[in-house]
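Engineer: Could you work out the structure for the sequence below:
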Amino acid sequence: MHWMVRSAGSFPLYVDSGKGAHFSSIDGHSYIDFCLGDTGAMAGHAPEACVQAVAARAAAGVTFMLPTADAAWVGQELACRFGLPYWQFALTATDANRFVIRLARHLTGRQKLLVFNYCYHGSVDETFITLQPDGRATPRAGNIGPPVHPAVTTKVVEFNDVAALEAALSEGDVAAVLAEPVMTNIGIIHPLPGFHDQLREITRRTGTLLIIDETHTISAGPGGCTQLEGLQPDMLVIGKPIAGGVPAAAYGFSAAVAQQLQGRIQDDESDTGGIGGTLAGNALSLAAMRATLEHVLTHDAFRHMIALGERFEEGVSAVIHEHNLPWIVKRLGCRVEYWFRPTAPTNGAQAAAAIDADLDRFMHLAALNRGILMTPFHNMALMCPATSAADVDAHTRVFRECVELLLGLREPGEAGSSVAARSKL
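Structural biologist: Have a look, this model is predicted:
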């Protein structure tokens, strides 16, 4: 991937193999993996149930462009977890998001999408938009070859800004709001009390569909924030971890949306609607999804993972307070992240303003040189069912050592420090 040019140390590690919460590189070094494929491997590397299911399915045929019994089982399990009764499958959450956006436009007859500033929804064209201080909506920096200026297709407001949300939806031209229930990929930004209730009330009142993207926020529990907080989306997207690392995603609908779709899509035109794909819902992906949901990312596993997330948060917080650093640590279930600002941000602009690329690279490379991989470009750690308390405590020791290097309390050794990195302190 082209983004690997930004790897700490100027080049990516080349992996040999992984198991559970650990992997080894081709040059023989072992690492504790808190990146976990940026959520794609949240089930851990090579979980035995998935390995067996994938092997058995591969021996019996991988793709048929026909459903298997696993599809029905997975749909029922997703309905139990997220509360939406109808499900379709895709290969990535990006695809799933694209599909539900098209469906929302089809149902409402409206063309606009609304997202939150610095949102993350994969590589969906309409979401690469940002809000400038003067209120202008512009392409996100680094947006390669957008088909049109994103303001043509999308409105953008700050997360937690109810007044801006109300104003943007009041014009009646927005088909759907696409939102993570808690913002990720720009730190962890929690909703203010009552925000989701207001979001749901405003979308219903303005005839706007609400799409919740749980691809990262599944870290909150078996049914993500939707189950935990009792959210009531019209559509929901989930991807990345649900098939143990095998490419797979799903998108669900409320009964009301499903009923509307049945009346709005003609059977003899169903193959030309721009929804789905030849390999979507293939037998291999569904076998891996069933194994992951049934045997790996279980309620018991989440209890273990969330407890370790709390332990990780406590360890980092202790070091921050011990050295009186102007940093914070935030958590969503088994997902934890430290951010280089003294108070928790309430929106994407506040979080983005605190990005310190030099300090970020230093922390990543120093940790990597000590056997710990964090998620690239932000200091996010994820627990999997195989993560142990010893893994978490090893990170706390390394985090303390990195901080002491920055403060000049420890000899730089092989990791070193930099004036630029010190500037944030």
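Engineer: Neighbours of residue 68, how many?
Structural biologist: When neighbours are defined as other C-beta atoms under 10 Å, residue 68 has 19 of them. Every C-beta, even on glycine, is put in place using the N, C-alpha and C of the backbone.
Engineer: how close does it get to residue 20?
Structural biologist: Using C-beta to C-beta, to the nearest Å, we find residue 68 at a distance of 28 Å from residue 20.
Engineer: how about residue 57, what does it touch?
Structural biologist: Contact partners of residue 57, counting by C-beta atoms under 8 Å, 6 or more residues apart in numbering, are 283-284, 287-288.
Engineer: Could I get those residues in JSON lines, plus columns for neighbour count and pLDDT?
Structural biologist: Converted to JSON lines, these look like this (neighbours: other C-beta atoms under 10 Å; pLDDT from 0 to 100):
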{"residue": "283", "neighbour count": "21", "pLDDT": "98"}
{"residue": "284", "neighbour count": "22", "pLDDT": "98"}
{"residue": "287", "neighbour count": "28", "pLDDT": "98"}
{"residue": "288", "neighbour count": "29", "pLDDT": "98"}
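Engineer: Let me have those in a markdown table, extended by secondary structure and distance to residue 64.
Structural biologist: Conversion of these to a markdown table gives the following (DSSP: H, G, I helix; E, B strand; the rest coil; distance: C-beta to C-beta, whole Å):
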| residue | secondary structure | distance to residue 64 |
| --- | --- | --- |
| 283 | helix | 6 |
| 284 | helix | 10 |
| 287 | helix | 12 |
| 288 | helix | 16 |
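Engineer: Go through those and name the one nearest residue 344.
Structural biologist: Within the set of these, residue 288 lies nearest residue 344; the separation is 36.1 Å, counting by C-beta to C-beta.
Engineer: Tell me if I'm right that residue 275 and residue 103 touch.
Structural biologist: Yes - when contacts are counted by C-beta atoms under 8 Å, residue 275 is listed as touching residue 103 (6.9 Å).
Engineer: Report the two of the contacts of residue 57 separated the most.
Structural biologist: By the measure C-beta to C-beta, these have their two most distant members at 283 and 288, which lie 9.8 Å apart.
Engineer: Distance from stretch 12-25 to the middle of the chain?
Structural biologist: Its chain's C-alpha centre and that of stretch 12-25 lie 21 Å apart, by C-alpha atoms, centre = their mean, to the nearest Å.
Engineer: Could you give the separation between the terminal residues of it?
Structural biologist: Chord length of stretch 12-25, first to last residue, is 10 Å (C-alpha to C-alpha, to the nearest Å).
Engineer: Look up how far residue 89 lies from residue 312.
Structural biologist: In terms of C-beta to C-beta, residue 312 sits 32 Å off from residue 89.
Engineer: again, but for residue 196
Structural biologist: When distances are taken as C-beta to C-beta, residue 196 and residue 89 turn out to be 27 Å apart.
Engineer: neighbour count winner among these two?
Structural biologist: When neighbours are counted by other C-beta under 10 Å, residue 89 comes out ahead of the other of residue 196 and residue 89, with 25 against 22.
Engineer: Okay, and that one sits in which element?
Structural biologist: Per DSSP states H and E, residue 89 falls inside strand 86-90.
Engineer: who does that strand touch, helix- and strand-wise?
Structural biologist: Counting contacts by 3 or more C-beta pairs under 8 Å, 6 or more residues apart in numbering; DSSP states H and E, strand 86-90 is packed against helix 69-82, helix 93-108, strand 249-253, helix 255-264.
Engineer: Partner strands of it and their direction?
Structural biologist: For strand 86-90, sheet partners with direction are given as strand 249-253 (antiparallel), following DSSP bridges.
Engineer: Return the alpha-carbon coordinates of the strand it pairs with using CSV.
Structural biologist: Taking Å, rounded to 0.1, in the frame of the first residue of the first chain, the C-alpha atoms of strand 249-253 are listed here in CSV:
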residue,chain,number,x,y,z
ALA,A,249,-18.3,-6.9,5.5
ALA,A,250,-22.0,-6.6,6.1
TYR,A,251,-24.7,-4.0,6.0
GLY,A,252,-28.0,-4.2,7.8
PHE,A,253,-31.4,-2.6,7.5
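Engineer: tell me the angle of the strand holding residue 89 relative to helix 255-264?
Structural biologist: In terms of direction (axes from the mean of the first three to the mean of the last three C-alpha atoms, to 10 degrees), strand 86-90 departs from helix 255-264 by 70 degrees.
Engineer: From here on, call the first residue 28.
Structural biologist: All right, first residue 28 from here; so that's strand 113-117.
Engineer: Which residues does strand 113-117 contact?
Structural biologist: Under the criterion C-beta under 8 Å, 6+ apart, residues 98, 101-102, 105-106, 123, 126, 266, 275-282, 284-285, 302-304, 307-308, 312-313 lie in contact with strand 113-117.
Engineer: Buried among the residues you listed? Make that a PyMOL selection.
Structural biologist: If you want just the buried ones from these in PyMOL, going by 16 or more other C-beta atoms under 10 Å, the selection is:
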select buried, resi 98+101+102+105+123+126+266+275+276+277+278+279+280+281+284+302+307+308+312+313
